[in-house]
Every structure is written in C-alpha cells, then in structure tokens.
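**Q** Provided below are the primary sequence and the corresponding predicted coordinates.
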Amino acid sequence: MQSQLIKSKATPAQDLAAQESPFAKMAWIPGGSFLMGSDRHYPEEAPAHDVTVDGFWMDIHTVTNEEFRRFVDATKYVTSAERSPNPNDYPGAKPELLVPASVVFQKPRQRVDLRDCFQWWTYVPGANWRHPEGPASSLKGKAQHPVVQLAYEDAEAYAKWMGKELPTEAEWEFAARGGLAGAEFVWGDEFTPAGKYLANSWQGEFPWQNLKSDGFEGTAPVGSFPPNGYGLYDMAGNVWEWTTDWYQEHGRITRSCCGAVNPRGAEREQSYDPNTPHVTIPRKVMKGGSYLCAPNYCRRYRPAARMAQPIDTSTCHLGFRCVIRGRSSSVQGRIEG
C-alpha cells in the first residue's frame, strides 16, 4: 500500500501551516494484522504470533538533531545525560560515575572477546546529545542526523511537546514491515539485493574493522537510504529506536488465544533484568538495529529484532520517532486544503 505523506501546496501561508502541523513529515500507516516476531533468529523474538494494530500516523524519519534543538531552545529542557544522577537511585555507585555522562562506542584496535561488551562500550563524562561521542565532539555538519544520547524520558518529553507519542513495539514493527508480510528485511528477503546496501549497518568484523561499504561509519543523515512501502526511512539500521513497551520475551507475555489487538507489552516489574536481581531499573523495548549491527555479532537490522534498554540509559546509537493515534488519513486532505 502506498504511504500518504503530508504535502503542502498552494500559498506560502498554507505551506507554513503544513510545516508547523504535527502531521508534517508523517505517513499514514493503515493498520491491519500481521505475524509479529520471528522463530528463525534470536530467542527473544519468538514465538512469532498474530497481532492486529489500528491505523496511525508515524514520523517518516527519526527525530533529527535540528528538530530536537528546536525543542530544547523553546523549552530549555535538560536531558538526562546532562544532569548528575541522583545517588539515591544508584546505591553503592562510585562517586566518579555520578556525573553527567552517557554511553559511547569506542572502536578497539584489534579483535576482542565478543562476550565482553565493555571492550567497546564506555561511560563517557560529558557525552550527551550535543556531544554524542564525548565532550570533544559536536553536531557540526550533523543537523539532519538522528538525535542520540537520549534516555526514554527525554524522547517522551519531546513527543509530548509535539503533541505526539512514542510507538508501541507492535506499531513500530508493523510500520517497519511496510506491507511485506513475513519478509526478512524491511525491503525483502535479501540483505543486499544486486549488491546494494539499503540500510546503515556495519560491514567488516565487528567491533574493530569497519569497511564502510555502505558509505558511513557512524550515523547517517536521515533518509540516506530508500524508504519502505509506507514511505518510512531508516526502519533498519542507523539508530535503534525507543518504543513504549516494557520489555519481556515474547513467549513470556500472556496473550489471548485469538491474537493480540494493539498490544502494549509486559508489565513494568516484568521488565527488570533477571541477570541483575539487585538492579530494579525497568527496561523498554528498542527496535530497528543500528549502524553497529553486523553479521558476526548483532544481526538485528530486521523488523522482528528487539532488545531491552534500561530507561535511564542513553547511547550513541539510540534515537526515536513519534506517532499520532486516533486520527484517520482524512486529516491529510484537511491540512492540504
């Protein structure tokens, strides 16, 4: 099905009104039923199960640095990574860790043990959305790149300011599939059809060798690759994206016998990491994979792929996009008219 993108026309006044509308740069996702998850890959994706979602509007690309800057300029919002953590929330934490900071990927110089992610992930003081790789980095030349280094509350604050919401996991996955029922990737079943890369991911041996065959090493400007069947860009790779669902393996979420309708995931308490019972930080589902996903380590540039992300943790490869629910595609005609 073709996407229905907001398009301005006629007078400059109408053009400005369309740009300022919350529906600008959004596509209508018609809703429907689909097979969510996968039985062929990582265990947290299984079992594949029937799900139905109502129609909704979705941003055609992830929120950019330029868009997030407008929000910050208007509201004076300070992100989680720019604030010192509350010691009461992290009992026993070392004082040197209770500073404004965020998580940054740092490429090793040689092969490392893939079982130890701390070989490439580092908690960097001064890293935040303005300085995504650390205090020495900047957003110069990256206005149209996806904004990163945002905790869940930061993404939610932006969405609320825009009069929007964050998508559920089911909405996100349905939209990512673009009408291709059961396809392995956003664009079909072959990763590089005719040798062409269709998403920003890692080529080479992760995490030390990046061949940049797709033209990028870090994030890419939004819309650098073709859209899916609904007109949505970067639903695979580039950056992971926040969803509203509390994380739980699909097989552990209680469901009805006849398929879920507009599911919302697990309960908050179920999202705690069972491997760290002393830590009670809830986790949300993130979707889409990122520029760090590679065949030898994280083959998650697929619609069914999902991972858990603590709500207080921001990273250099995680962003978001927004949705509007409850208004049909007929809104487009009213905006354009």
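**A** Received, thanks.
**Q** From here on, just use CA atoms for contacts and neighbour counts.
**A** Will do.
**Q** pLDDT below threshold where in the stretch 201-337 of the chain?
**A** By pLDDT under 70, the weakly predicted segments of the stretch 201-337 of the chain are 254-258, 328-337.
**Q** where do the helices sit along it?
**A** Secondary structure of the stretch 201-337 of the chain (DSSP state H, counting those that start in this stretch): helices located at 330-336.
**Q** Which stretches in it count as strands?
**A** Chain-ordered strands for the stretch 201-337 of the chain, with DSSP state E, counting those that start in this stretch as the definition, fall at 240-246, 260-261, 283-287, 306-310, 318-319, 323-325.
**Q** how distant is the fifth one from the center of its chain?
**A** Taking CA atoms, centre = their mean, to the nearest Å, the mean C-alpha location of strand 318-319 is offset from the chain mean by 5 Å.
**Q** ok, and what's touching that strand?
**A** 62-63, 146-150, 155, 239-242, 290 (CA atoms under 8 Å, 6 or more residues apart in numbering).
**Q** now the third one
**A** Applying CA under 8 Å, 6+ apart, the contact partners of strand 283-287 are 169, 172-173, 240-247, 268, 271-273, 303, 305-311.
**Q** If we use 6 Å, what do you get?
**A** Contacts to strand 283-287, defined as CA atoms under 6 Å, 6 or more residues apart in numbering, come from residues 240-243, 245-247, 271, 306-311.
**Q** Over to the second one?
**A** Identification of contacts with strand 260-261 by CA under 6 Å, 6+ apart yields 51-53.
**Q** hang on, the earlier thing: reformat the contacts of strand 283-287 as JSON lines; add distance to residue 110 and neighbour count.
**A** JSON lines is the format used below for the contacts of strand 283-287 (distance: CA to CA, whole Å; neighbours: other CA atoms under 10 Å):
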{"residue": "240", "distance to residue 110": "25", "neighbour count": "30"}
{"residue": "241", "distance to residue 110": "29", "neighbour count": "29"}
{"residue": "242", "distance to residue 110": "31", "neighbour count": "29"}
{"residue": "243", "distance to residue 110": "34", "neighbour count": "27"}
{"residue": "245", "distance to residue 110": "37", "neighbour count": "23"}
{"residue": "246", "distance to residue 110": "36", "neighbour count": "25"}
{"residue": "247", "distance to residue 110": "33", "neighbour count": "30"}
{"residue": "271", "distance to residue 110": "35", "neighbour count": "23"}
{"residue": "306", "distance to residue 110": "28", "neighbour count": "25"}
{"residue": "307", "distance to residue 110": "26", "neighbour count": "19"}
{"residue": "308", "distance to residue 110": "28", "neighbour count": "21"}
{"residue": "309", "distance to residue 110": "27", "neighbour count": "24"}
{"residue": "310", "distance to residue 110": "29", "neighbour count": "20"}
{"residue": "311", "distance to residue 110": "32", "neighbour count": "18"}
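**Q** Would you point out the most distant pair within these?
**A** 240 and 271 (18.3 Å; CA to CA).
**Q** Pull the contacting residues for residue 311.
**A** 151-152, 283.
**Q** switch the cut-off to 8 Å
**A** So residue 311 contacts 151-153, 281-284 (CA under 8 Å, 6+ apart).
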